[in-house]
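K.L.:
no sequence on this one, just coordinates:
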């Protein structure tokens, strides 16, 4: 490390914001945790910058030494890893559950920085991604990137009529505001719902609001990645082609897309 000029006292100030980035973003980029989880680590006092306890919103540069629980961030950093899992019903989407309930990471290899991407409530099942790449997490969960999420829902109350489908697609008023426009297609004793936003338990609340409570909910697609033939509890590591398809569904060949959609319909009705 280059020493400070002799005429200056050692600085105890936060690193300059010039040319830096927010600490929580840096932690996410390094694969420590998602950006939201990184904020919680900072608030809990588990992060230091140049030996000083970090503050939320602090800016850092590549020259700063960042530690989480006394482990240097970036030291010996490996290539990011991303997995697709069929989350079983009853499993909590969190690293570990303080109540002792089964959590997704209980069923995964122990990999530093591995975290779930977004939410899938305890009573729902289907496609869930886990990654060490915080920037991928941001791109897949922030609404501005507009990645579709497709759910197969089994419902009570019969098959929705056209007026109900139109209302669901236009937007339903919930206690936390109107839902964004979506796509809803009939499917056997239920529907397929395509969303580009992620309000908590949104599909369940939308359908219950129009008189069709959900009895089972399976996420079958995220972006350009499909659940395909994964079975409950099973996972697989994604390769470079999977990751490209995930974020670039518009570049998937039409015949490949049609085949995967057909297989999904055959499996889930």
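P.N.:
Happy to help now that I have it. Predicted model, so just to flag it, every value in this text is computed and none were measured. Numbers count the residues shown, from 1 in each chain.

K.L.:
May I have the distance across stretch 181-200, first residue to last?
P.N.:
Length of stretch 181-200, first residue to last, CA to CA, to the nearest Å: 16 Å.

K.L.:
and it, which residues are buried?
P.N.:
182, 184, 187, 190-193, 195 (16 or more other CB atoms under 10 Å). (C-beta placed from N, C-alpha, C; glycine too.)

K.L.:
centre of the chain versus it, how much separation?
P.N.:
18 Å (CA atoms, centre = their mean, to the nearest Å).

K.L.:
and residue 161, how many neighbours?
P.N.:
By the criterion of other CB atoms under 10 Å, residue 161 has 11 neighbours.

K.L.:
Repeat that for residue 90.
P.N.:
As a burial measure, residue 90 scores 12 neighbours (other CB under 10 Å).

K.L.:
Find the nearest non-adjacent residue to it, please.
P.N.:
The shortest distance from residue 90 to any non-neighbouring residue, by CB to CB, 6 or more residues apart in numbering, is to residue 122 (6.3 Å).

K.L.:
Distance of the one you found relative to residue 201?
P.N.:
Residue 122 sits 10 Å away from residue 201, going by CB to CB, to the nearest Å.

K.L.:
And for residue 236?
P.N.:
Residue 236 is 27 Å from residue 201, by CB to CB.

K.L.:
So for these two, which sits in the more crowded spot?
P.N.:
The neighbour count for residue 236 versus residue 201, taken as other CB under 10 Å, is higher for residue 201 (16 against 13).

K.L.:
Tell me the buried residues in stretch 225-245?
P.N.:
Buried-residue list, stretch 225-245, by 16+ other CB under 10 Å: 225-227, 230, 235, 238, 243, 245.

K.L.:
same deal with stretch 243-253?
P.N.:
Neighbour-count burial for stretch 243-253 flags 243, 245-247, 249, 252 (criterion: 16+ other CB under 10 Å).

K.L.:
Which of those sits closest to residue 148?
P.N.:
residue 249 (7.2 Å; CB to CB).

K.L.:
Distance of that closest one relative to residue 258?
P.N.:
From residue 249 to residue 258 the distance is 13 Å (CB to CB).

K.L.:
need the longest strand for the chain.
P.N.:
Longest strand of the chain, by residue count under DSSP state E: strand 214-222.

K.L.:
neighbouring strands for it, and are they parallel or not?
P.N.:
Strand pairing for strand 214-222, using DSSP bridges, gives strand 125-131 (parallel), strand 149-155 (antiparallel), strand 225-226 (antiparallel).

K.L.:
For the ones you listed, could you give me TSV that also reports distance to residue 94?
P.N.:
Converted to TSV, the strands paired with strand 214-222 look like this (distance: least, CB to CB, whole Å):
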stretch	distance to residue 94
strand 125-131	11
strand 149-155	19
strand 225-226	22
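
K.L.:
mind putting those in CSV, mean pLDDT included?
P.N.:
Listed next are these as CSV, based on pLDDT from 0 to 100:
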stretch, mean pLDDT
strand 125-131, 96
strand 149-155, 97
strand 225-226, 97
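
K.L.:
okay, how far is it across stretch 236-244, tip to tip?
P.N.:
In stretch 236-244, first residue to last residue: 16 Å (CA to CA).

K.L.:
And the helices in the chain?
P.N.:
In the chain, the segments counted as helices under DSSP state H are 23-29, 35-43, 134-141, 162-170, 202-209, 240-247, 254-268.

K.L.:
pLDDT averaged over the fifth one - what is it?
P.N.:
When you say that, I think you mean helix 202-209. In this model, helix 202-209 has a mean pLDDT of 95.
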